[in-house]
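Trainee: A structural model of the following input is requested.
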Amino acid sequence: AGPTLKAVAIIPARMASTRFPNKPLALIDDRSMIEHVYARVASSKLLSNVVIATCDQEIVDAAAKFGAVGIMTANTHERASDRCHEAMVKLAEQGRHYDVAVMVQGDEPMTHPDQIAEVLAPLQSTDIAVSNLCLEITEDEAKSQDVVKVVMNQRDDAMYFSRAVIPGLIGKQTRTFYKQLGLIAFRREALEQFARLTPTPHEKSESVDMLRFLEHGVAIRMVRTAHTTIAVDTPADLERVKQALKHG
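Mentor: Numbers count the residues shown, from 1 in each chain. Coordinates of the predicted model:
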């Protein structure tokens, strides 16, 4: 982002994942998953700061060991975006103010530094408040409820996010599927707005943060990333990541 946008990356992480407890501290080649995410994000030249937002002291302690700042947040947040907002507020209380927060999921150890540039690019246009990376996936992956799919309009604004298969599998025509990576850039005002807005029915039923924005009529610009990543939802995913990283 040009000299005008001062950006902080916030990595939300917590130990209490139902399918993979203590996930952020799971090891990949002697380093925890959260350290892999942090190191990759911190190598982007477009960020003024990178912090980890968590409700677990173990994660704060682990972060300190590899030189990262962990910010303690409430353990009541249902959504990662709300956790990021609390971290942004705490940074502001320390006198650290940013124009943009880039949320990077703590379970994406293959995050590529260039993805920070990709997600920040739309915010150079003043009428865009939120941007979110998406990646083309196979039909098989689209069938997984762990994967949040997105459909876009002609401007690449999100129309809907779902854990169901969208677009639907009716008829014979071939179709393209995209998943959201949850690598999201918010203008500060947009993140504040997210925290103020009432949680919405589809957000709750799909368990997808960004539906709160869509249901309240806030546009989200989707950006197709050039870099494939694997989200770690289960121990089996972690093994896939280990293999992928081994092979470059």
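Trainee: CA only for contacts and neighbour counts going forward, please
Mentor: OK.
Trainee: could you point out which element follows the strand ranked longest in the chain?
Mentor: When every strand of the chain is counted residue by residue (DSSP state E), the longest turns out to be strand 177-187. Reading on from strand 177-187 to the C-terminus, the next helix or strand found by DSSP states H and E is helix 188-196.
Trainee: Just list what the longest strand of the chain packs against, helices and strands only.
Mentor: Using 3 or more C-alpha pairs under 8 Å, 6 or more residues apart in numbering; DSSP states H and E as the contact test, the elements touching strand 177-187 are strand 100-103, helix 113-120, strand 130-137, helix 139-142, strand 149-152.
Trainee: Show me what the second one is packed against.
Mentor: Counting contacts by 3+ C-alpha pairs under 8 Å, 6+ apart, the secondary-structure elements packed against helix 113-120 are helix 33-42, strand 130-137, strand 177-187.
Trainee: For that helix, which residues meet the burial criterion?
Mentor: Across helix 113-120, burial judged by 16 or more other C-alpha atoms under 10 Å covers Pro113, Asp114, Gln115, Ile116, Glu118, Val119, Leu120.
Trainee: Adding distance to Lys246 and pLDDT, write those residues out as CSV.
Mentor: Written out in CSV, the entries for those read as follows (distance: C-alpha to C-alpha, whole Å; pLDDT from 0 to 100):
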residue, distance to Lys246, pLDDT
Pro113, 18, 95
Asp114, 20, 96
Gln115, 21, 97
Ile116, 23, 97
Glu118, 25, 97
Val119, 26, 98
Leu120, 29, 97
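Trainee: quick one: which of those residues is nearest Ala68?
Mentor: Closest approach to Ala68 among the buried residues of helix 113-120 (C-alpha to C-alpha): Pro113, at 16.7 Å.
Trainee: didn't the closest one look like it was pressed against Ser43?
Mentor: Yes: look at Pro113 against Ser43 with C-alpha atoms under 8 Å: they come within range, at 6.1 Å.
Trainee: Give the buried residues for the longest helix seen in the chain.
Mentor: Across the chain, the helix with the greatest residue count (assigned by DSSP state H) is helix 80-93. Neighbour counts over helix 80-93 (16+ other C-alpha under 10 Å) mark Ala80, Ser81, Asp82, Arg83, Cys84, His85, Glu86, Ala87, Met88, Val89, Lys90, Leu91 as buried.
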